[in-house]
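*Asks:* got a structure for you, letters missing:
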């Protein structure tokens, strides 16, 4: 199937061709026809499946064909993190380059002046994080009375980060008559309940089962002592000659310590987490994408927007204590049909988390026993958390309710 067969218009086809898009991914094949027909959809899709294009392409086409003279905001994409918001805005810029659709992005952590100026010039598509959106609405800079299309992206991560109440506030501020799109990598009960409240007779799109892992990702597990993890990380990077890897760590302080250790070992590395300024985070991410830095150490909250097709390796330096987060993490590799490698470390206190992960993905992760830093610590196994409990694991602190 081709994008032309999906009835994508010529000016968007031209932009897709310039981006090197040859054929639509499964989620694009399923979602685009529904969206062009004006249907609400609920889509369950892992990261790396092309879901941003699945909603951006039809939104651009629908708004281009709209004869309304209203220059107010016609489409709102609500997303949990700054990095993901920026990435989505870049996608709209790329796919809509041969149209007159205007767009901008608003997020917290930076002065609002430039964002307000862009809004005053008038935009068709607004990409926003919940906190900054509500702040600017409260100040009178954003009006959503003319909204036609609403997208809730990464709904499960919204739940993880404590933004569901903010989402519900936004729902009260937008027209009831609208087209609504909900995208989520997993479908916990609270998201299912929310979808029933916000969607009308939605089409359901699912390209892989919830919480499944990409087949092309090779997953391996190393049991090691907590105190040996940094040494094992350096050993594997050097032994496997890894040129690009994303390392997930639970805490902000821990991420900085890992970077310091890697640099002492002669490995270029940077960290991104909530304590870093927006400019510092964007520079670290750009340096990583450009190959100036080989290893990027990140907490989950900062890494959600990372989209790099060529990323070969993901390390779970610390196992997440919410099993679904493991799926999100390893989904950073094996993108766009490429193969990927996911390596997990497990110390004595993380065995309960490991059980939860393997139960969720229905897979016994292959254990590598022949390495120089085997597990010798006999610390008691940590009790696993009940599935569905949303704690602060992987985010370097409690971010529930914090506005981004």
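*Replies:* Yep, that arrived. Since we're looking at a predicted model, the values are computed, not measured.

*Asks:* give me the pLDDT for residue 216.
*Replies:* You'll see residue 216 listed with a pLDDT of 76.

*Asks:* tell me how far it lies from residue 54.
*Replies:* 20 Å (C-beta to C-beta, to the nearest Å). Yep, even glycine has a C-beta here, placed from its N, CA and C like the rest.

*Asks:* in terms of neighbours, single out the busier of those two.
*Replies:* Between residue 216 and residue 54, residue 54 has the larger neighbour count (other C-beta atoms under 10 Å), namely 27 against 13.

*Asks:* surely that one and residue 34 touch.
*Replies:* No: between residue 54 and residue 34 there is no contact under C-beta atoms under 8 Å: 9.9 Å.

*Asks:* quick one: low-confidence parts of the stretch 51-200 of the chain?
*Replies:* Along the stretch 51-200 of the chain, segments meeting pLDDT under 70 span 66-71.

*Asks:* and the protein, what are its domains?
*Replies:* 10-206, 217-367 (automatic domain parsing).

*Asks:* start to end distance for the shortest one?
*Replies:* What it means is domain 217-367. 15 Å (C-alpha to C-alpha, to the nearest Å).

*Asks:* over to the first one?
*Replies:* End-to-end distance for domain 10-206: 27 Å, by C-alpha to C-alpha.

*Asks:* shift numbering so it begins at 717
*Replies:* Okay, using 717 as the starting number, the last item reads as domain 726-922.

*Asks:* how distant is that domain from the center of its chain?
*Replies:* 14 Å (C-alpha atoms, centre = their mean, to the nearest Å).

*Asks:* follow-up on the earlier one: same list (the domains of the chain) but as a markdown table, adding distance to residue 719.
*Replies:* Converted to a markdown table, the domains of the chain look like this (distance: least, C-beta to C-beta, whole Å):
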| stretch | distance to residue 719 |
| --- | --- |
| domain 726-922 | 6 |
| domain 933-1083 | 16 |
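
*Asks:* and of the ones you listed, who's closest to residue 1091?
*Replies:* domain 933-1083 (4.0 Å; C-beta to C-beta).

*Asks:* off-centre distance for the closest one?
*Replies:* 15 Å.

*Asks:* strands of the stretch 717-866 of the chain, start to end?
*Replies:* Ranges of strands in the stretch 717-866 of the chain, per DSSP state E, counting those that start in this stretch, are 757-760, 791-794, 819-822, 841-844, 865-868.

*Asks:* oops, could you answer that again for the stretch 967-1116 of the chain instead?
*Replies:* 985-988, 1011-1014, 1029-1032, 1056-1062, 1082-1083.

*Asks:* would you mind finding the most buried of those?
*Replies:* Burial of these is given as mean neighbour count (mean count of other C-beta atoms under 10 Å); strand 1011-1014 ranks first at a mean of 28.

*Asks:* can you name every helix or strand that that strand contacts?
*Replies:* strand 961-964, helix 968-980, strand 985-988, helix 994-1005 (3 or more C-beta pairs under 8 Å, 6 or more residues apart in numbering; DSSP states H and E).

*Asks:* between the strands of the stretch 717-866 of the chain, which one is closest to residue 1061.
*Replies:* If we rank the strands of the stretch 717-866 of the chain by C-beta to C-beta, the stretch that ends up nearest is strand 757-760, at 28.9 Å.
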